[in-house]
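**Student:** Sequence plus predicted model, see below.
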Amino acid sequence: MAKRVYTKGMLQVLWQSELCTHCEACWHGLPQVFDPHKRPWVTMAGATTAEIIEQVEQCPSGALSIIEREGSC
């Protein structure tokens, strides 16, 4: 069970391997950020914060999620 946190400014995205169904929705939806052929497979600099949030919210398994940071509104 792997968990990874990827950060861009105040945005933190959590990936939980045990929930991932590898449906590739993230990769096909935002390939400039999510690429399973690269290491690390998430490149947060590849898109805007809003684009990343929109794609993460579409993860059907919940393997990708947004972490609320303290002090954020």
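**Tutor:** Perfect, I can see it now. Numbering: from 1, shown residues only.

**Student:** what's around the residue nearest to C26 when sequence neighbours are not counted, how many residues?
**Tutor:** Spatial nearest neighbour of C26, chain neighbours left out: F34 (4.0 Å); criterion: Cβ to Cβ, 6 or more residues apart in numbering. Using the backbone N, CA and C atoms, a C-beta is placed for each residue, glycine as well. For F34, the neighbour count with other Cβ atoms under 10 Å is 26.

**Student:** beta partners of F34?
**Tutor:** Judged by DSSP bridges, the bridge partners of F34 are V42.

**Student:** residue contacts, it?
**Tutor:** C26, W27, W41, V42, Q55 (Cβ atoms under 8 Å, 6 or more residues apart in numbering).

**Student:** of all the residues you listed, which comes closest to T48?
**Tutor:** Of all these, Q55 has the smallest distance to T48: 10.7 Å, by Cβ to Cβ.

**Student:** Would you agree that closest one is in contact with H28?
**Tutor:** No: if you go by Cβ atoms under 8 Å, Q55 and H28 don't touch, sitting 9.8 Å apart.

**Student:** now the helix ranked longest in the chain: how far from the chain's centre is it?
**Tutor:** Assignment by DSSP state H gives helix 49-56 as the longest helix of the chain. Here helix 49-56 is found 8 Å from its chain centre; the criterion is Cα atoms, centre = their mean, to the nearest Å.
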